[in-house]
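Output the structure for:
(one chain, ligands or ions: 1)
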Amino acid sequence: MTPFDLILIGSNEFKIIKDSLPLGVSLLAVSKGHHQESIRKLSGFGQLDFGESRLQEAIPKKIDLHDLKQLRWHFVGKLQKNKVRGVIKEFDFIHSVDSLSLLERISRISQEEQKTPNIFFQVKFRDDSNKGGFLKKDLLNNWPKIISLNNINLIGLMTIPPIDLNSYQRKDLFCECRNFANQLGLKDCSMGMSNDWQEAIEGGATWIRLGSLLFGKR
Ligand SMILES: *Cc1c(COP(=O)(O)O)cnc(C)c1O
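This is a model prediction of the structure:
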């Protein structure tokens, strides 16, 4: 197998997905678990935004792809405290900020590193023991403190619906996320994955995060 067989999607299929996105909806290609040559190939179709969920996996891929300077890197995984500096150095966007203490640490280390990462708050709109995230009330209560922090660019909310919701319930949840982002004055909603991206767009997503639909099974 040549490396170029690694990716699932062809340029025509990719174009069909891209062309179906309404204006204002961006595509994040979540490449975790996939080979860097698949990233290279997808970038050849014009894709610039890639998502990874582990720093240790992203670093060697980025070294291999260092010639592709135009790529933008998004961190989408659970962010451990001891990985904050590395993530700030390597990534332009963080989709998974799930606590005030984590945000404070990001702010402090971003100042030291002279960076200003783009931040999404992960929010949990339904009970879900499998996931982290802010509760709405916690984000609201902490908002004055949050907006006083330096070297962070607050751009949006990120959410992942619990797996047992049906299509209507997911759509409701996505609309709730959109409304809450509007209430906070945040432009972006990072929501929708391979199995629910169309519902997320109907609910007001501005970033959809597709992995398996583009790259195949992990
Ligand atoms: C893996 C992952 C995705 C992509 O999931 P698919 O179902 O493969 O599209 C999106 N967002 C996050 C946070 C992920 O961890």
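
and the residue in the chain positioned nearest to the ligand, how many neighbours does it have?
Sorted by distance to the ligand under Cβ to the nearest ligand atom, the residues of the chain start with Gly211, at 2.7 Å. All C-beta spots, glycine's among them, are computed from the backbone N, C-alpha and C. By the other Cβ atoms under 10 Å criterion, the neighbourhood of Gly211 contains 21 residues.

Check what pLDDT it gets.
Among the per-residue scores, Gly211 holds a pLDDT of 97.

average pLDDT across the host helix or strand of Tyr168?
In this assignment (DSSP states H and E), Tyr168 forms part of helix 167-184. Computed over helix 167-184, the mean pLDDT rounds to 98.

For it, give me every contacting residue.
Taking contacts as Cβ atoms under 8 Å, 6 or more residues apart in numbering, the residues outside helix 167-184 that touch it are 123, 125-126, 136, 139, 143, 156-157, 159, 161, 165, 187-189, 191-192, 196, 199-200, 202-205.

Let's see that with 6 Å instead.
Residues outside helix 167-184 that contact it (Cβ atoms under 6 Å, 6 or more residues apart in numbering) are 125, 156-157, 159, 161, 189, 191, 196, 199-200, 203-204.

Quick one: residues contacting Leu68.
Applying Cβ under 6 Å, 6+ apart as the definition, the contact partners of Leu68 turn out to be Ser43.

Now with 7 Å, please.
Contacts here follow Cβ atoms under 7 Å, 6 or more residues apart in numbering; on that basis Leu68 touches 40, 43.

Kindly report the same for the one 5 residues further on.
With Cβ under 7 Å, 6+ apart as the criterion, the residues that contact Trp73 are 50, 52, 58, 62, 90-92.

How about the secondary structure of it?
For Trp73, the secondary structure call by DSSP: H, G, I helix; E, B strand; the rest coil comes out as strand.

Could you report the distance from Val73 to Phe93?
No, residue 73 isn't Val; it's Trp. For Trp73, the distance to Phe93 under the criterion Cβ to Cβ, to the nearest Å works out to 7 Å.

on that earlier part again, for the residue of the chain closest to the ligand, what are phi and psi?
Reported as degrees, to the nearest 10, the phi and psi values for Gly211 are phi -110, psi -80.

what residue ranges in this structure score low on pLDDT?
Confidence mapping of the chain against pLDDT under 70 gives the ranges 1-5.

hang on, the earlier thing: can I get the contacts of helix 167-184 in CSV including secondary structure?
Listed next are these as CSV, based on three-state DSSP:
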residue, secondary structure
Phe125, coil
Gly156, strand
Leu157, strand
Thr159, coil
Pro161, coil
Cys189, strand
Met191, coil
Asp196, coil
Glu199, helix
Ala200, helix
Gly203, helix
Gly204, coil
